[in-house]
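Participant: coordinates only, no sequence provided:
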């Protein structure tokens, strides 16, 4: 039975629990699913630890996964936690709250190095999905085709995880382990994504290939961040590829080879050997060989495009 604790609709009333940090045996009533809607992050992590429930944020993955079935576990709805929304700048980081939506990313004034992330945000479903879907949800869902991951990898993003026992951080490269697998523990909430400052004026872009133009799961996608020096040569380069491995990957060898290269004709620096760490699969959208070839072409095009605006 799915219970709404914020506005009880059914009896008996002892099944409805206010979101206070309490350990209560009624949280574990057999055969019942409890619904929590906490008002603060502190209440949320306590409710999550006490109930062992599922997290509900934007719901764009949560509800489709249920199909027409009721939830099989208690639900901790964190969509009302305003402290996890928005973008904040401090001396060392640009911090994106975990509940920030993709529409908010698109509309927020951000440095040039975020252009790739904004382009990726416009590719995440339709406008309705962008209005509801959250940054944390996209990362925790951990799809190999998650549009946000390549641009965030190219920004050297870190994630912050909060639980009843404390807070920990890790690079995004370590957080996502595989298809639908992450380092997040059942009692943790991804509270924010942290982008190190220092390359705000770097050019960035994102390109995605699918079987149609809109509302499509990608065959391959590439994000690039390029910073040039006063001599119009590459000072920093970051290149990441998604949908061509079980997790999106940075192309570190290519990045090293790009350092010091002239900005003009940058795409010619990329070759097939730079993609050796990718392991594309064949499926209904494309063969593995097609994905690998497409990824190289996308990398070359994105490098040339990004260099043109650097």
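Facilitator: Right, received. Where do you want to start? Values in this document were obtained by computation on a predicted structure and should not be read as measured data.

Participant: now do the strands in the stretch 51-200 of the chain.
Facilitator: With DSSP state E, counting those that start in this stretch as the criterion, the stretch 51-200 of the chain has strands at 54-56, 75-77, 87-89, 93-97, 158-163, 166-171, 176-178, 181-182, 189-196.

Participant: you'd agree residue 253 is up against residue 271?
Facilitator: No. Here residue 253 does not reach residue 271: they are 10.2 Å apart, not a contact under CB atoms under 8 Å. C-beta: built from backbone N, CA, C; applies to glycine.

Participant: OK, contacts around residue 224?
Facilitator: Under the criterion of CB atoms under 8 Å, 6 or more residues apart in numbering, the contact partners of residue 224 comprise 116, 154, 204-206, 237-240, 299, 302-303, 306.

Participant: spatially nearest residue to residue 186 (excluding sequence neighbours)?
Facilitator: Taking CB to CB, 6 or more residues apart in numbering as the measure, residue 186 lies nearest to residue 52, with 6.6 Å between them; neighbours along the chain are not counted.

Participant: the one you found: neighbouring residues, count only.
Facilitator: Neighbourhood size, residue 52 [other CB atoms under 10 Å]: 13.

Participant: how close does it get to residue 164?
Facilitator: According to CB to CB, to the nearest Å, residue 52 stands 12 Å off from residue 164.

Participant: which residues do those two both contact?
Facilitator: Counting by CB under 8 Å, 6+ apart, the residues touching both residue 52 and residue 164 are residue 187.

Participant: quick check: domain ranges of this structure?
Facilitator: According to automatic domain parsing, the chain comprises the domains 13-77, 83-196, 203-309.

Participant: make TSV out of the ones you listed and add mean pLDDT.
Facilitator: TSV is the format used below for these (pLDDT from 0 to 100):
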stretch	mean pLDDT
domain 13-77	76
domain 83-196	97
domain 203-309	95
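
Participant: which SS class is residue 207?
Facilitator: Taken by DSSP: H, G, I helix; E, B strand; the rest coil, the conformation at residue 207 corresponds to strand.

Participant: may I have the beta-bridge partners of it?
Facilitator: In this structure, residue 207 has the following beta-bridge partners (DSSP bridges): residue 222.

Participant: please enumerate the helices of the stretch 201-310 of the chain.
Facilitator: Taking DSSP state H, counting those that start in this stretch, the helices of the stretch 201-310 of the chain run over residues 252-258, 288-309.

Participant: and the last one, what's buried?
Facilitator: In other words, helix 288-309. Within helix 288-309, the residues that count as buried by 16 or more other CB atoms under 10 Å are 291-296, 298-307.

Participant: one more: stretch 191-203?
Facilitator: Residues of stretch 191-203 classed as buried by neighbour count (16+ other CB under 10 Å): 191, 192, 193, 194, 195, 199, 202, 203.

Participant: likewise for stretch 77-91?
Facilitator: When neighbours are counted by 16+ other CB under 10 Å, the buried residues of stretch 77-91 are found to be 77, 78, 79, 81, 84, 85, 87.

Participant: give me the contact list for it.
Facilitator: With CB under 8 Å, 6+ apart as the contact definition, stretch 77-91 has outside contacts at 35-41, 44, 55-59, 94-100, 104-105, 108, 110, 136, 189, 191-192, 197.

Participant: for PyMOL, write a command that selects the buried ones of the residues you listed.
Facilitator: To isolate the buried subset of these in PyMOL, counting by 16+ other CB under 10 Å, use the following:
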select buried, resi 35+36+37+38+41+44+55+56+57+58+59+94+95+96+97+98+99+100+104+105+110+136+189+191+192
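
Participant: rewinding a little: redo the buried residues of stretch 191-203 as TSV? Include distance to residue 179.
Facilitator: Formatted as TSV, the buried residues of stretch 191-203 follow (distance: CB to CB, whole Å):
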residue	distance to residue 179
191	24
192	24
193	21
194	25
195	25
199	30
202	31
203	31
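
Participant: what about the helices in the stretch 1-150 of the chain?
Facilitator: In the stretch 1-150 of the chain, the helices defined using DSSP H, counting those that start in this stretch lie at 41-51, 62-66, 102-107, 115-121, 127-132, 135-141, 149-154.

Participant: and these, which is most packed in?
Facilitator: For these, the largest average neighbour count (mean count of other CB atoms under 10 Å) is found in helix 149-154, namely a mean of 28.

Participant: I'd like the distance from that one to the chain centre, please.
Facilitator: The gap between where helix 149-154 is centred and where its chain is centred comes out at 8 Å by CA atoms, centre = their mean, to the nearest Å.
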